[in-house]
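pasting the sequence and the predicted model now:
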Amino acid sequence: MIDDTIVAVATPYGVGGISIVRISGPSALKIADDLFCAKNGKSLNKAIHGKLNYGTIKIGEIREVGLAVVFFKPKSFTGELVVEFQVHGGILIAKKIVEECIKRGARLADKGEFSKRAFLNGKASLDSLEGMIDMINAESESELKAAFGLYSGTLKKTVEVIENELTEALAGIEVGIDYPDEVDDLPTKDMVMEIIFNARGKLEKLIETKKLGKTIKDGVLTLILGKPNVGKSSLLNAIIGEDRAIVTEHAGTTRDIVKETFIYDGIKFQLLDTAGIRDSKDEIESIGINKAIENINIADLILFVIDSNQKLTNEDLKIYQQCNDKNLILVFNKTDKLQNKQAGDFFDNFNGDKIKVSTYLAEGIDDLLKIMKSKVEGKTESNVILVNERHIKALELAKSNLEKIRKDFSFDIIAFEIKKALDELGKISGKTVSEEVINKIFSKFCVGK
Amino acid sequence: MEKYDVIVVGAGHAGSESAYISSKLGCNTLLLALNLDSIAFLACNPSIGGTSKGNIVQEIDALGGIMAKIADKSILHIRMLNEGKGPAVQSLRAQVDKHKYHLFMKDELEKQDNLTIKQAEVKNILVKENKILGIETTFGQRFYSKTVIIATGVYQNSAIIVGKSISDNGPAGFCNSKHLSNSLRKMGFELRRFKTGTPPRIDAKSINFSCFERQPTNLKIYGFSAFAKEKKYKEKDCFLGYTNNETKNIILKNLNKAPMYSGKIKGTGARYCPSIEDKMVRFKDKERHQIFLEPEADGTCEIYLQGLSTSFPAEIQEKIVRSIRGLENAKIMRNAYAIEYDCIDPLELKKTLESKRYDNLFFAGQINGTSGYEEAAGQGIVAGINAALKVKNKPPFILNRSESYIGVLIDDLVTKGTNEPYRMMTSRAEYRLMLRTDNVLERLYPLAIKYDLQNEENKKLFYKREKLCEELRRELKNTKISASSNINKKLEELGQRKITQNSTIEELIKRGIEIEFFEKEFKRKYSYSVLKHVEIEIRYSGYIEQQKIQIEKEKQQENTLIPNDFDYLKISGLRLEAKQKLNQIKPITIGQASRISGVTPADITVLLIKIAQRG
């Protein structure tokens, strides 16, 4: 399987002035050498590991100026023989080079195949690889941070702390079991229960970050709320800058929910335009309304829109009551038109975050975005953020094993459940339980004949 | 020229077991001992069993071995360990009369058909290419055989160390095996040097027992053997005492005289079996260490001082002993000593304990890097059965990790190897909840019957037990108990909800009530061991189910065989450490490969891919 040579453009599409083409596998050097003509006339076979070589790359009749770097096995990203070409001029030239490599026997790499080879060659552990993949797929800065946390082992370290405490408790139980007569300073059941309780708390905290992880991955769920025809869809369009939702003068035209994702200053937002909330007899529209009310409960942020030149109605207040305890920004729309005093009073007396905008003139939108950012900033940061399903599942199972333990259980069963929890945590840290416990026993307790 | 089926070299705990079972299986067996007066000699503590070790003794018994039977005849003191910690971790431990143990074993072996016992030291293993021909003794006699089992234990090129004195000797003044190491080395085996030690024996007449806590024997337990019906032993007490500050001061002040610290001892000792000087250095903050006084035998005053193993010079040993309260006037009858000996790397062996390099050559016991009589005997029976099967051209006998501690022991040895004398512990068994003392017969009798290791009488007893267990299970399922205040009081004590309707006994046992509580409800009388076995099975059924799922998962890996011509060094995806380890150990299955230390899940993924590619 790892006997063939793969090639692909290694830089993101359409980004940056330099593209990198990576060739990995046993024939990488042969293929690259055939394409590359060094300025000093030396063959790439004689290249120094990791050093840049200046020259030209043959693309059909064209000679493209570029750099070539050779990484010898196993000191490369994939652990195989790797050659990378760095060329100017964006994606097109890079693609052509890939084609040339394929002509010479390389195969186009599948998505993530370089990382997969790194894993198979023992260059990356499973969790750092998962982090790497998340990093590659990251769309926003905070997403990248979460992925980086994983990649650099922050999650692993956090899990290891819990693991160590549990391992120590287990070692105490085990030494009591295996050396029943010899050790007189064993942890009591109360001590063990306390450690379990603490570990559960730590796991719980860690698991809670999965919500944050989801927010980071999917974007801050931002709900645009308001009665019909206050300009919710126009607000959405103004924010993302394109005509996406249907906007008409008739009230109630947005019947379904319209979703848009955008990134503002490193934070990903998922914007939901809802059907205007009012008691509707139109069946399709009322489905939309029900959905809007449902969404209030899961939203991270709500933009509550009122029309500044209409009297504030009971409907407005009703909607406001539905969501006044949430993370909310009051958006006072249509300021380009004459303003209504009553609505203005409401705005002036409103204590929370508020902003006047004109979606028509595209005024105030930038300030709105700043407020939106400030409302969620800090909340998307944490030492460790769970974004990976596999990790979430392992932590949840570990927690549930610990929750099963009761004080009246005998030590053989308590040990069994702790071990199961540790097995789950080991899926993240990569540790095997029994060896650890045995080492702990001998380093902590004095036993012998 | 005499020709045997099996020659067993060494008549300690491994060798005795090997010779007993191979002769029982009809193989013409020769058992060679350095000294016939040291057959099955208890060179260290006069006790058999202990946590997980007691289980091994019972496993040997279920497989038709002899250790349990001999131990039961020589018990001085017995108890069940870990009674309060749950049935899955309980084990028997007995003090035994070391004289009787030796004599009963010798007697039993002498009575055995097909078994020749002889005093001789083996000088050479006779080999032709990779096949074993037999052995040659130091007297120049040659004995030929189809298979040879090496079980020379700590006698292998051993040295006794006390202070500055190092003598070329075996344990307790017996001579050692001087020549075999060279023969093994010539055959290409790399020998390692391990170390262990033993405490002083003191004169009971010089002990003030009132300073110690008495530990009486448990009178309800008959012994290790499954079908032991009567108590055959005389009881003696053990006593518990402690070291103190003075002990500590003497030891720390004289550390430069301890061979362990002056560099005299080079062998690798076990972490779990440290000398008292080791304990004092490693656990400086500990106020006191426990000392047990154990009787060596009936009819002697010698008392074994468990906890005081040392290799200090004799005069310092005396000071240490006399610093302990109650031992102020103690007289040392035999000094403590450290012993160094040669052993092989168990990674050289297959799961049958046969050498990977030489066909028909087996190794069992402490020469494989283990410690303890029980671990030795467990290997002895497996090597003995496999040598016999080899003679008969039958497929090998391999115990799984999920069915016995012996299986865990051998798999650990041949898969992970060991860098120190290996001692069995319950925490080494990942399926500990399955490896209980109450179900040892259910675990291993079917195998014993399949391999014809048990006599007709025992088989009948086992079938009868199976039937009784079945009847009892049915009775518990079908007998309903009314919601009496008696029952509800019991449930309340256990922190359980009360019952309002009639419940089956099975349900009530599940909720924690002990089976004895209902004894009067049964139509017939069951033995205590049957009652307990069925009770534990019911109470632990949920956990047993979970372990079965784990075992099933593991089995899938165990069923994925690795082709034996796999050249790991050529597999590009493996890391260097994994390549070397896999190449050395040559695991048979993916499951075994995954237990090798230094082989990561990523390496296993690579192996699985490679195997799949080969179809």
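Yep, that arrived.

A:N198 touches A:E165, doesn't it?
Yes - the pair A:N198 and A:E165 qualifies as a contact (CB atoms under 8 Å) at a distance of 6.9 Å. (C-beta placed from N, C-alpha, C; glycine too.)

and the closest residue to chain A within the stretch 451-600 of chain B, how far is that from B:R595?
Nearest residue of the stretch 451-600 of chain B to chain A: B:R575, at 3.7 Å (CB to the nearest CB). According to CB to CB, to the nearest Å, B:R575 and B:R595 sit 17 Å apart.

quick check: mean pLDDT across the host helix or strand of A:G213?
Using DSSP states H and E, A:G213 maps to helix A:189-218. For helix A:189-218, the mean per-residue pLDDT is 88.

which SSE is immediately downstream of it?
strand A:220-225.

what parts of the stretch 351-500 of chain B come near chain A?
B:M425, B:T426, B:S427, B:R428, B:E430, B:R432, B:L433, B:L494, B:G495 (CB under 8 Å from any CB of the partner chain).

mind checking pLDDT for the residue lying closest to the first one once chain neighbours are set aside?
The spatially closest residue to B:M425, leaving aside those adjacent along the chain, is A:D178, at 4.3 Å (CB to CB, 6 or more residues apart in numbering or on different chains). Confidence per residue is given as pLDDT, and for A:D178 that number is 88.

any low-confidence regions in the stretch 101-250 of chain A?
Where the stretch 101-250 of chain A drops to pLDDT under 70, the residues are A:111-112, A:119-120, A:122, A:124-152, A:242-250.

so where do the helices sit in it?
Secondary structure of the stretch 101-250 of chain A (DSSP state H, counting those that start in this stretch): helices at A:113-120, A:126-137, A:141-151, A:154-178, A:189-218, A:232-240.

tell me which of those helices sits most buried.
Greatest average neighbour count among these goes to helix A:232-240 (a mean of 23), per mean count of other CB atoms under 10 Å in any protein chain shown.

same for that helix, what does it pack against?
strand A:220-225, strand A:258-264, strand A:267-273, strand A:301-307, strand A:328-333, helix A:365-376 (3 or more CB pairs under 8 Å, 6 or more residues apart in numbering or on different chains; DSSP states H and E).

how about these in CSV, adding distance to chain B and mean neighbour count?
Output for these, formatted as CSV (distance: least, CB to the nearest CB, whole Å; neighbours: other CB atoms under 10 Å in any protein chain shown):
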stretch, distance to chain B, mean neighbour count
strand A:220-225, 36, 24
strand A:258-264, 34, 16
strand A:267-273, 32, 23
strand A:301-307, 41, 25
strand A:328-333, 47, 23
helix A:365-376, 38, 16
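
need the least confident one among those, by mean pLDDT.
Sorting the helices and strands packed on helix A:232-240 by mean pLDDT places strand A:258-264 lowest, at a mean of 76.

name every strand pairing with that strand and say which way it goes.
Each strand paired with strand A:258-264, and its direction, by DSSP bridges: strand A:267-273 (antiparallel).

CA atoms of the partner strand as CSV?
C-alpha atoms of strand A:267-273 as CSV (Å, rounded to 0.1, in the frame of the first residue of the first chain):
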residue,chain,number,x,y,z
ILE,A,267,-15.0,34.3,14.6
LYS,A,268,-17.4,32.1,12.6
PHE,A,269,-21.0,33.1,12.8
GLN,A,270,-24.0,31.1,11.6
LEU,A,271,-26.8,33.5,10.9
LEU,A,272,-30.3,32.3,11.0
ASP,A,273,-33.1,34.4,9.5
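
can you give me the offset of it from its chain's centre?
How far strand A:267-273 lies from its chain's middle: 15 Å, per CA atoms, centre = their mean, to the nearest Å.

and the angle from that strand to helix A:232-240?
Taking axes from the mean of the first three to the mean of the last three CA atoms, to 10 degrees, one finds strand A:267-273 and helix A:232-240 inclined to each other by 160 degrees.

before we move on, the earlier item: so the residue nearest to B:M425 sits against B:M424, correct?
No - A:D178 is beyond contact range of B:M424, at 9.1 Å (criterion: CB under 8 Å).

check contacts around residue 159.
Going with chain A. Contacts of A:V159 were listed using CB atoms under 8 Å, 6 or more residues apart in numbering or on different chains, and they are A:L206, A:L395, A:L425, A:I428, A:S429.

that's the wrong chain, I meant chain B
With CB under 8 Å, 6+ apart, B:A159 has these contacts: B:I166, B:S167, B:D168, B:N169, B:I339, B:E340, B:Y341.

so which of those comes closest to chain A?
B:I339 (13.0 Å).

tell me the secondary structure at the closest one.
strand (DSSP: H, G, I helix; E, B strand; the rest coil).

count of residues packed around it?
By other CB atoms under 10 Å in any protein chain shown, 25 other residues sit near B:I339.

thank you, goodbye.
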